[in-house]
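Participant: Fold the stuff below for me.
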Amino acid sequence: MDPKLPEPSCREGSQNTNPCMSCGACCTVFRASFYWAEADDATPGGVPLALTRQITPHRLAMRRTEGPLPRCVALLGTPGQTVRCAIYDRRPSVCRHFDPAWAAGRDNPRCNSARAALGLSPHEPNLPNLPKAA
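Facilitator: Numbering: from 1, shown residues only. Now for the predicted structure:
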């Protein structure tokens, strides 16, 4: 499979502005667990079952997202520099719904905590240029 590079904000925009493409912190800090029916053995085109492991009767997790040095099996590249998801079009819902902090105009403290765990600076809100006080 030829992996497609993620779109910016993990869902919208151009690849040049995608904060996820130079980060990948969430893929190295959090367990990516999801409902079993998202896997390709239950849903055609779903998450490749071979890249998951069962954690409960109804939940799967991406392999290698647990333990002392987690790193999702589908993460390619160097976190904090250049990364991409090898299964971007087939990634689980937990990944699809994880937006970078301030990319959609709202904070995501979990994004910034993952970035801090890798020694990366937090994403800051893009504030409009306000007039200076007199």
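Participant: can you point me to the longest helix in this protein?
Facilitator: helix 109-117 (DSSP state H).
Participant: any idea how far Ala50 lies from Asp41?
Facilitator: Taking C-beta to C-beta, to the nearest Å as the measure, Ala50 and Asp41 are separated by 10 Å. The C-beta positions use only the backbone N, C-alpha and C, and glycine is treated the same way.
Participant: what pLDDT does Pro19 get?
Facilitator: Looking at Pro19, its pLDDT reads 88.
Participant: Name the SS class of the closest residue to it other than its chain neighbours, please.
Facilitator: Closest residue to Pro19 apart from its sequence neighbours, by C-beta to C-beta, 6 or more residues apart in numbering: Pro100 at 4.5 Å. Per DSSP: H, G, I helix; E, B strand; the rest coil, the secondary structure class of Pro100 is coil.
Participant: Cys20 now?
Facilitator: Secondary structure, three-state DSSP: Cys20 is helix.
Participant: what helix or strand does the residue lying closest to Ala37 once chain neighbours are set aside sit in?
Facilitator: Counting by C-beta to C-beta, 6+ apart, Ala37 lies nearest to Thr43, which is 6.0 Å off, once chain neighbours are set aside. No secondary structure element spans Thr43, as it lies outside all helices and strands (assigned by DSSP states H and E).
Participant: Thr43 contacts Phe34, doesn't it?
Facilitator: No: with contact defined as C-beta atoms under 8 Å, Thr43 does not reach Phe34; the gap is 11.2 Å.
Participant: what about the two, which has more around it?
Facilitator: Neighbours per residue (other C-beta atoms under 10 Å) separate Thr43 from Phe34, with Phe34 holding more: 22 against 12.
Participant: Enumerate the beta-bridge partners assigned to the more buried one.
Facilitator: Leu60 (DSSP bridges).
Participant: which ones are touching it?
Facilitator: Taking C-beta atoms under 8 Å, 6 or more residues apart in numbering as the contact definition, Phe34 lies against 47, 59-61, 92-94.
Participant: can you pull out the helices in the chain?
Facilitator: Along the chain, the segments classed as helices by DSSP H run 26-29, 93-96, 109-117.
Participant: which strands and helices sit next to the second one?
Facilitator: In terms of contact count using 3 or more C-beta pairs under 8 Å, 6 or more residues apart in numbering; DSSP states H and E, helix 93-96 is assigned the packing partners strand 33-35.
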